[in-house]
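Undergrad: predicted structure and sequence below. I'll ask about it afterward.
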Amino acid sequence: MKNSKKNIEKPLQFEGENIDNSYSSSQKIDSSNIDAVDIAGLMNTNITYKDLTIPIDTIISRVESKAFEIPLFQRNYVWTQKQLIGLIVSLLKDIPIPKLYLYSESEEEAKKGRYTVIDGQQRLISVYFFVKGIFPSSKNKRVSYDFVKISDILNRHKYAQNEEIKKKCENELKEFGLKFTEFKYEDKYSKDTTNQKKKTLSYDNFTSEQELIFKNKSLDFCFISIKNENQNSNFNSKFVYTDIFRLLNSAGEPLSNQEIRNGVYYNCSLYKEVNKFDKESSVWKEIVKSDKERYKNVAFLLRVLALNHYLEIKIDKVKEYILKNPEYFEIEQEKTDENSSKIDVSFLKESKYMLLDKFTTYSSLIDTYSNEFYYKESVKDEINSVTNFVNGIKNIPNNNNKINYLNLEAFFVASSKLGKLKTAHFEIDYEILNSDLGSRRGTSSKDEIFRRILIAMNTILERDEKGV
């Protein structure tokens, strides 16, 4: 079968896109975080909070000991030095600073004083950076930080007996993309032209009295806890914390739905392994071309895994349908979209297709999948399927053109359902993945998703027949 190089679809929107576009516009769910909130769920939850004012020295020690946990998979540190200095000046001058919000995984964790930051990580990290005199060396190479390891490096550097040890510590710090930094600001009122009006604001330059004053400055924290108010059997603490996070981030520069999920599900095996794959797979990086917004890549991986998990296709019925209607699958013809629109996916509704009826957005699909897998320690099958699929993609072009994500989704699910991803022997050409599958309007309605999957299945089956 010939595959056209023409690519008529734009890359998908990773969050909030409707799975089913067949209902009226008044029923459509908006893509913003606030519209993903389960209001009824919150109304049936007993939410309590405790406000505490915590001094800077205590905050630093709790970050170092991981008593205040900053999820590894949340948004990377994005603040500039100017924003950091603004925060420090606000502390020094007692300018009000918004609260930071935390929650605990369980009552046991709360008793141990261990909490997870759900809003305020940029401020928390900024205070830590200022006190330690460090900052990211590059805007493009910022990573998640292990503050236990970083604090150990800084302590060894502080008490190093010689320059060789100090240099070694500085190199270790570079592995986190960090360097020792003097924070400077411009004093436009200064008449001194010798220093180009640059002033240094450094914790290391504080006098003993200034250091003590700063250590006793404080930030306001709100510790949130929840309980199932009406003993509702559908109560789910992870969903509730996710919705609280969404509400907290409905103003300012909001986090994406995936960044919010990263803050809630960071401690489960699924998220650890998916994030690890996204970070370490060289082939995956070739395909997505950029890792500047890694949460989008992670959201897509979770999306295809969730779709694959909740969809059960009877292969014999698919083959029977393709044999009866071969003309619908001639994707090299000019009127491909007209052909594919004739594909009737109703026969799929006899299986788990119906499970998808309760999902109206990819976000709700990923939410449910994340929660289902939260307590599963082994996700070997899921990660292996992704690894085998991605590693099997051959002849990836060396250019900046992005893959057609809608096709990538279709071919992953099709390959999985045909049993091709159980071993590492699967192979498929990049050009096939980026071919025109004849999807109408590039939509993500349920029917269009399944039409693409069926066409992808037919493509794979034809390759098998030809021994490709």
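TA: In hand now; what should we look at?

Undergrad: what segments of the chain are strands?
TA: Ranges of strands in the chain, per DSSP state E, are 45-55, 68-69, 100-103, 115-119, 134-136, 178-180, 184-186, 198-200, 218-228, 393-394, 428-429.

Undergrad: could the ones you listed be laid out in CSV, adding mean pLDDT and mean neighbour count?
TA: To be clear about C-beta, it is placed using only N, CA and C from the backbone, and glycine gets the same treatment. As requested, the strands of the chain are exported to CSV (pLDDT from 0 to 100; neighbours: other Cβ atoms under 10 Å):
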stretch, mean pLDDT, mean neighbour count
strand 45-55, 89, 12
strand 68-69, 88, 23
strand 100-103, 90, 22
strand 115-119, 87, 22
strand 134-136, 95, 20
strand 178-180, 94, 18
strand 184-186, 85, 15
strand 198-200, 84, 12
strand 218-228, 88, 17
strand 393-394, 92, 16
strand 428-429, 90, 18
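
Undergrad: now these as JSON lines including distance to R246?
TA: Below are those laid out as JSON lines (distance: least, Cβ to Cβ, whole Å):
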{"stretch": "strand 45-55", "distance to R246": "14"}
{"stretch": "strand 68-69", "distance to R246": "20"}
{"stretch": "strand 100-103", "distance to R246": "12"}
{"stretch": "strand 115-119", "distance to R246": "10"}
{"stretch": "strand 134-136", "distance to R246": "27"}
{"stretch": "strand 178-180", "distance to R246": "31"}
{"stretch": "strand 184-186", "distance to R246": "35"}
{"stretch": "strand 198-200", "distance to R246": "40"}
{"stretch": "strand 218-228", "distance to R246": "13"}
{"stretch": "strand 393-394", "distance to R246": "34"}
{"stretch": "strand 428-429", "distance to R246": "37"}
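
Undergrad: right, and those - which one's nearest F411?
TA: Set against F411 and scored by Cβ to Cβ, the strands of the chain come closest in strand 428-429, at 6.7 Å.

Undergrad: just checking: what are the partner strands of the closest one?
TA: Applying DSSP bridges, strand 428-429 is found paired with strand 393-394 (parallel).

Undergrad: off-centre distance for the partner strand?
TA: 25 Å (Cα atoms, centre = their mean, to the nearest Å).

Undergrad: residue nearest the centroid of this structure?
TA: Y295 (2.9 Å; Cα atoms, centre = their mean).

Undergrad: I'd assumed Q258 was in contact with that residue.
TA: Yes - shown here, Y295 and Q258 form a contact pair, counting by Cβ atoms under 8 Å, at 4.5 Å.

Undergrad: mind pulling up the pLDDT for L12?
TA: We have a pLDDT of 34 for L12.

Undergrad: likewise N339?
TA: We have a pLDDT of 51 for N339.

Undergrad: where does this structure dip in pLDDT?
TA: For the chain, the stretches flagged by pLDDT under 70 are 1-35, 72-75, 140-142, 189-197, 229-234, 249-255, 290-293, 327-358, 438-444, 468.

Undergrad: A67 and S106: what is the separation?
TA: 15 Å (Cβ to Cβ, to the nearest Å).

Undergrad: of these two, who's got more company?
TA: A67 (15 against 10; other Cβ atoms under 10 Å).

Undergrad: wait, the more buried one touches Y115, no?
TA: Yes - under the criterion of Cβ under 8 Å, A67 makes contact with Y115 at 7.1 Å.

Undergrad: how many residues are close by K139?
TA: 10.

Undergrad: ugh, wrong one, I meant Q121
TA: 21.

Undergrad: ok, it to L418 distance?
TA: To L418, Q121 is 42 Å away according to Cβ to Cβ.

Undergrad: and if you look at K296?
TA: For K296 relative to L418 (Cβ to Cβ), the value is 27 Å.

Undergrad: now L42, nearest residue through space, not along the chain?
TA: Leaving aside its chain neighbours, L42 sits nearest to D243 (5.9 Å; criterion: Cβ to Cβ, 6 or more residues apart in numbering).

Undergrad: would you confirm that that neighbour contacts G41?
TA: Yes - judged on Cβ under 8 Å, D243 makes contact with G41 at a distance of 6.6 Å.

Undergrad: more neighbours, these two?
TA: D243 (22 against 15).

Undergrad: list the contacts for that one?
TA: By Cβ atoms under 8 Å, 6 or more residues apart in numbering, D243 lies in contact with 36-38, 41-42.

Undergrad: what of D51?
TA: The neighbours of D51, taking Cβ under 8 Å, 6+ apart as the test, are 99, 220-223.

Undergrad: could you redo the residues you listed as JSON lines and give each row distance to S90?
TA: As requested, these are exported to JSON lines (distance: Cβ to Cβ, whole Å):
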{"residue": "K99", "distance to S90": "14"}
{"residue": "D220", "distance to S90": "12"}
{"residue": "F221", "distance to S90": "16"}
{"residue": "C222", "distance to S90": "18"}
{"residue": "F223", "distance to S90": "22"}
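
Undergrad: of all the residues you listed, which comes closest to L92?
TA: Each of the contacts of D51 was scored against L92 by Cβ to Cβ, and D220 proved nearest at 16.2 Å.

Undergrad: and the closest residue to that closest one other than its chain neighbours, how far from I60?
TA: What sits nearest to D220 in space, not counting adjacent residues and going by Cβ to Cβ, 6+ apart, is K99, at 4.6 Å. As judged by Cβ to Cβ, K99 and I60 stand 18 Å apart.
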